[in-house]
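*Asks:* Sharing a model that was predicted from the sequence below.
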Amino acid sequence: MTGPALIVADVLLGLLAAALLPVFVRLARGPDLTDRVVALDLLSAVAVGIMAAWSVAADDAVYLDVALLVALLAFLGTVAFAAYAEEGASE
């Protein structure tokens, strides 16, 4: 693939890669467990964005299937943590 779509995908990949640094900092330093879970959820969202941009750059739709699976697993993980946190708060 050539043209503007490839340029936009390359720029987007660079921006998403730059977004990983503050996410990893929050994941490592986050003062409590909820901050780390939010950082992990954001990390998965950035990963989905990277896979989508890579799909455009590689001109291959298989990466979109993987991105959809990662997004679904991240959502289920966040819901599971919310249920765990709510159960722990009620005790």
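*Replies:* Looks like it arrived, so ask away. Numbering: from 1, shown residues only.
*Asks:* list the contacts for residue 35?
*Replies:* Contacts for residue 35 (CB atoms under 8 Å, 6 or more residues apart in numbering) come out as residue 26. For the C-beta atoms, the positions are set from N, CA and C on the backbone; glycine is no exception.
*Asks:* helices or strands up against the longest helix seen in the chain?
*Replies:* The longest helix of the chain (DSSP state H) is helix 62-90. Counting contacts by 3 or more CB pairs under 8 Å, 6 or more residues apart in numbering; DSSP states H and E, helix 62-90 packs against helix 33-58.
*Asks:* how much distance is there from the helix it packs on to the middle of the chain?
*Replies:* With CA atoms, centre = their mean, to the nearest Å as the basis, helix 33-58 stands 1 Å off its chain's centre.
*Asks:* Please identify the buried residues of it?
*Replies:* Across helix 33-58, burial judged by 16 or more other CB atoms under 10 Å covers 36-57.
*Asks:* host element of residue 2?
*Replies:* Counting by DSSP states H and E, no helix or strand carries residue 2.
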